[in-house]
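Sequence and predicted model, in that order:
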Amino acid sequence: MLVTRVERHIVDVNQPLTDLSYVSKNLYNCATFIMRQNFIKNHKIINYNMMDKIIKRDYPEVYKGLPAQSSQQVLRLIEKNWKSFFKANQEYNKNPDKFKGRPKYKDKENGLNIVIFTNQQCKLTDNKIRFPKKANLPELTTTVNNLQQIRIVPKYQHFVIEVVYKKEVSNDKLTHDNVLGIDLGLNNFRCKSYVDKWQAIEIYKSIL
């Protein structure tokens, strides 16, 4: 059975990663603005292909801030978020007034956003991942030999570089007779301050 796995690298905050995530945030906010305006006017979402054309045509400097395939991944994420938003609001046609929880903008000054590189952009040679030249990132040592994509995820005080890969595993020992599950629940984290709350959220998200 072929499954997806993630190799995680915890990296201190540095300028190249911050710059990439900041540019990704600008593109995310730009596409979110276009999507929200279209929703207000037409009550519809713009699919990925159309959004890609709009951004390339009207905001080329924002689009070109990242390598092309990375920009495309941000726009795919926008489409995914809005589709999830619609799915979670089944009552929209009955009562549009309840339809308020739209995807929000990221902070204009300090906001950061995920950056995704595909396996077509990165080269894996001798356990070293080489990023696109435009990314200005050093090589990353890995144990992965079946690279799918790389995600650079900004966290509270660091970055997580997630190397996504496929792995063949045996399911011979799997059984449905004995199953154990636990729901930690965010409320189980005791938070002494607003900052602690967001640290707890990051911990919670990393466990999922």
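Alright, I've got the coordinates. Note that the coordinates shown come from a computational prediction; the quantities given were computed from them, not determined experimentally.

switch to C-alpha atoms for all contacts and neighbour counts from now on
Will do.

give me the low-pLDDT residue ranges for the chain?
By pLDDT under 70, the low-scoring segments of the chain are 89-101, 172-176, 178, 183-208.

tell me the strands in it, going along the chain?
Along the chain, the segments classed as strands by DSSP state E run 2-12, 115-118, 123-125, 128-130, 140-141, 147-154, 158-168.

Any chance of CSV for those strands, columns mean neighbour count and distance to residue 80?
Shown next, in CSV, are the strands of the chain (neighbours: other Cα atoms under 10 Å; distance: least, Cα to Cα, whole Å):
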stretch, mean neighbour count, distance to residue 80
strand 2-12, 13, 19
strand 115-118, 22, 14
strand 123-125, 15, 27
strand 128-130, 18, 27
strand 140-141, 14, 29
strand 147-154, 20, 16
strand 158-168, 18, 19
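
Quick one: closest of those strands to residue 181.
strand 2-12 (20.1 Å; Cα to Cα).

and the angle from the closest one to strand 158-168?
Counting by axes from the mean of the first three to the mean of the last three Cα atoms, to 10 degrees, strand 2-12 lies at 160 degrees to strand 158-168.

Please identify the pairing partners of strand 2-12 and their relative orientation?
strand 158-168 (antiparallel) (DSSP bridges).

Residues contacting the strand it pairs with, please?
Residues outside strand 158-168 that contact it (Cα atoms under 8 Å, 6 or more residues apart in numbering) are 1-13, 17, 144-154.

Any idea which of the strands of the chain gets closest to residue 43?
Nearest to residue 43 among those is strand 115-118 (28.7 Å), distances taken as Cα to Cα.

Show me what the longest helix seen in the chain packs onto, helices and strands only.
Under DSSP state H, the helix in the chain containing the largest number of residues is helix 15-42. Judged by 3 or more Cα pairs under 8 Å, 6 or more residues apart in numbering; DSSP states H and E, the packing partners of helix 15-42 are helix 60-63, helix 68-87, strand 115-118, strand 147-154.

Save those as JSON lines, and put in distance to residue 131 too.
Converted to JSON lines, the helices and strands packed on helix 15-42 look like this (distance: least, Cα to Cα, whole Å):
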{"stretch": "helix 60-63", "distance to residue 131": "18"}
{"stretch": "helix 68-87", "distance to residue 131": "11"}
{"stretch": "strand 115-118", "distance to residue 131": "8"}
{"stretch": "strand 147-154", "distance to residue 131": "9"}
